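Student: Any chance you can model this:
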Amino acid sequence: MVLLIVVVTIIVFILVDFALRVFFQRKNESRLKKEREQALDIGLKLDFSEEAKTLKRVEVKEPKARILAVDDEAIILDSFRKILVVAGYSIDTVEKGKEALGLILKRDYDFVFTDLKMPEMDGLEVTKAVKHLRPDIDVIVITGYASIDTAVETMKFGAMDYVQKPFTEDELINFFNKALIKRRDRIERQMKPTVRLITPSTKESGSQHEFNVPAGIFVAQNHSWVNIEMNGGARVGIDDFARKIINKVDAVELPKQNKEVKKGEPLFSIQQNSRTISFCSPISGKVTLVNAEHTEHPELIAVNPFELSWMCCIEPSNLSEELRSLKIGADSINWYKGEITKYTEMRKAGEAGGAQADEKFLEEFAKAFLAK
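Tutor: Okay, the predicted model is just below:
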């Protein structure tokens with residue numbers, strides 16, 4: 001009876017907690033919507049004609065992005081403001097391309113949204129000018145069905161994408177949310193990768209362009225790592241650099257338990273599509289344990305925290321001698337910086353080579369960084 005009361009109490013507590021969370025979440029969303037609607041009402045009453053004659057501006061707190069929309073049809077701009085402001089975006093709107101160009105030289109925007117067919121200066125000219133003056137701004141073209149081919153043409157001059165009108169509120173919001181994700185991905189790819197030293201008080205980074213190096217762990221030149229445990233054993237795995245560059249893992253082949261292995265001999269391998277990448281053992285000894293979870297769920301290697309990417313445990317046979325060839329602390333950080341520079345140059349060369357180079361990238365990466 002007591003057990004039943006305890007179980008019921010726990011269930012009631014969970015349900016109440018869930019209900020309260022939903023209530024406060026909806027209340028917060030309602031508050032944000034009212035604030036944005038008020039900002040929309042206030043913004044439309046302000047005069048910004050000193051910046052551009054047709055400019056109307058609505059700013060919200062902590063916007064998802066800052067948008068400049070240009071269209072000679074006021075009704076289209078009204079739709080943008082009403083839809084995107086409530087969705088959490090700050091937006092400026094003008095009715096002429098020349099006004100838009102004047103604004104991008106004065107203010108920072110994430111996106112310029114331009115109609116394709118406009119008098120005086122059309123969307124193609126706006127796209128060319130924006131990408132010349134502010135290549136950091138992403139341009140999206142608004143087009144009708146009959147002009148899709150021309151809209152696609154603008155992408156050759158730097159436009160990110162195009163959206164076809166007419167569109168519904170949900171279609172516009174979904175389109176912009178996807179465009180925002182695409183922009184963030186592009187910016188992150190352009191960032192030079194960095195090294196992050198992980199300590200008990202430092203959280204591990206999940207960014208594909210920030211490589212985690214836990215303090216106190218030895219790193220081998222083939223991008224495997226060795227963690228010496230309290231009992232004298234050694235846990236071996238793939239470092240964050242190799243894990244994030246390879247990214248997708250389809251299968252894993254682990255060593256057999258009790259296998260005797262020497263430093264430099266193949267220890268385990270991973271497979272991506274038809275390619276197999278072997279990792280040699282950073283130390284000599286006997287395999288005492290393997291991480292069987294990787295054979296059942298190899299895809300988790302790319303998303304699990306750094307230390308969960310361990311492959312096997314080894315009972316070392318020549319640890320004191322072999323640790324000299326491994327890196328730790330400041331030495332490992334400096335070495336990683338050199339590897340990142342080498343990788344950045346290799347990636348640029350691969351991008352210049354096009355799709356054919358991309359097909360061979362993983363093979364070249366393995367030869368350059370993992371076969372050591």
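Student: from what I can see Glu73 touches Asp115, true?
Tutor: Yes. If you go by C-beta atoms under 8 Å, Glu73 and Asp115 touch, sitting 7.2 Å apart. No exception for glycine: its C-beta is placed from N, CA and C like everyone else's.
Student: which residues are common contacts for the two?
Tutor: Taking C-beta atoms under 8 Å, 6 or more residues apart in numbering as the contact criterion, no residue touches both Glu73 and Asp115.
Student: quick one, which of these two is more surrounded?
Tutor: Asp115 (23 against 14; other C-beta atoms under 10 Å).
Student: Which strand residues bridge the more buried one?
Tutor: Ile142 (DSSP bridges).
Student: Which helix or strand contains the most centrally placed residue in the chain?
Tutor: The centre of the chain sits closest to Asp185, judged by C-alpha atoms, centre = their mean, with a distance of 5.0 Å. Using DSSP states H and E, Asp185 falls within helix 169-190.
Student: what's the following helix or strand after that helix?
Tutor: Per DSSP H and E, the first helix or strand lying C-terminal to helix 169-190 is strand 194-198.
Student: quick one: strands adjacent to the helix or strand following that next one?
Tutor: Toward the C-terminal end, the helix or strand that comes next after strand 194-198 (DSSP H and E) is strand 210-214. Strand partners for strand 210-214, identified by DSSP bridges, are recorded as strand 194-198 (parallel).
Student: Could you pull out the helices in the stretch 251-372 of the chain for me?
Tutor: 293-296, 319-322, 330-353, 355-365 (DSSP state H, counting those that start in this stretch).
Student: The ones you listed into TSV, with extra columns for distance to Lys106?
Tutor: Converted to TSV, these look like this (distance: least, C-beta to C-beta, whole Å):
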stretch	distance to Lys106
helix 293-296	54
helix 319-322	61
helix 330-353	33
helix 355-365	39
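Student: Neighbours of Ala371, how many?
Tutor: Neighbour count for Ala371, taken as other C-beta under 10 Å: 12.
Student: can you pull the contacts of it?
Tutor: Asn222 are the contacts of Ala371 under C-beta under 8 Å, 6+ apart.
Student: again, but for Phe113
Tutor: By C-beta under 8 Å, 6+ apart, the contact list for Phe113 reads 67-71, 80, 140, 142.
Student: That one should be in a strand, yeah?
Tutor: Yes. According to DSSP: H, G, I helix; E, B strand; the rest coil, Phe113 belongs to a strand.
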